[in-house]
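*Asks:* any chance you can model this:
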Amino acid sequence: MVHLEHSNMNLETGVYGGFLQQYGGPSEDFLQRDARENFGFDGTNLLTARNGKQTYRNGDIRVHGIVWLASDAIFDYLNRFPDFQKPPVTNFPEYQRYVRFQFSFLSSIYEKWCRRPTIGKPIDCFSFHQP
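*Replies:* This next block holds a predicted model:
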């Protein structure tokens, strides 16, 4: 698991760049709070961390949380039908598509109905995992 503290996206153009060959280690707040509790990281050996998901949100958390939970509930309901399947967290490419959809849905709500949109596009979605 890797924790990035910045985005490589230019906020004005939406273009990614400035990639480094190597990034610094996980931040101390991530290691103290989330890495141990959510991923079983022993604090020393990165191989002890198990794969999983962690979502960090910024912006208007009130609506963000409501839309996210409602969207999950819709997919959980659809998942009861044999021709629907919510992607499992362990299928990183498919789960990333699911998360990107949720963010796109959320930003569309802001774009169309919010008087002062604070959430919008482009959408950053990263998944980091051990091979």
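
*Asks:* please count neighbours and contacts with C-alpha atoms only from this point.
*Replies:* Will do.

*Asks:* my read: I123 touches L106, true?
*Replies:* No: with contact defined as Cα atoms under 8 Å, I123 does not reach L106; the gap is 10.4 Å.

*Asks:* in terms of packing, which of those two has more residues around it?
*Replies:* L106 (21 against 14; other Cα atoms under 10 Å).

*Asks:* and this structure, what are its domains?
*Replies:* Following automatic domain parsing, one finds the domains of the chain at 1-50, 58-131.

*Asks:* averaging pLDDT over each of those domains, which comes out lowest?
*Replies:* The stretch with the lowest average pLDDT out of the domains of the chain is domain 1-50, scoring a mean of 68.

*Asks:* what is the distance between stretch 110-120 and the centre of its chain?
*Replies:* 20 Å (Cα atoms, centre = their mean, to the nearest Å).

*Asks:* pull out the buried positions in that stretch.
*Replies:* In terms of neighbour count (16 or more other Cα atoms under 10 Å), stretch 110-120 has its buried residues at Y110, E111, I119, G120.

*Asks:* in helices, which of those fall?
*Replies:* Y110, E111 (DSSP state H).

*Asks:* looks like F39 contacts A49 (just checking).
*Replies:* Yes: counting by Cα under 8 Å, F39 does reach A49; the two are 5.2 Å apart.

*Asks:* need the overlap of contacts for these two.
*Replies:* Counting by Cα atoms under 8 Å, 6 or more residues apart in numbering, F39 and A49 have no common neighbour.

*Asks:* identify the farthest-apart pair in the buried residues of stretch 110-120.
*Replies:* Pairwise distances across those peak at 8.0 Å for E111 and I119 (criterion: Cα to Cα).
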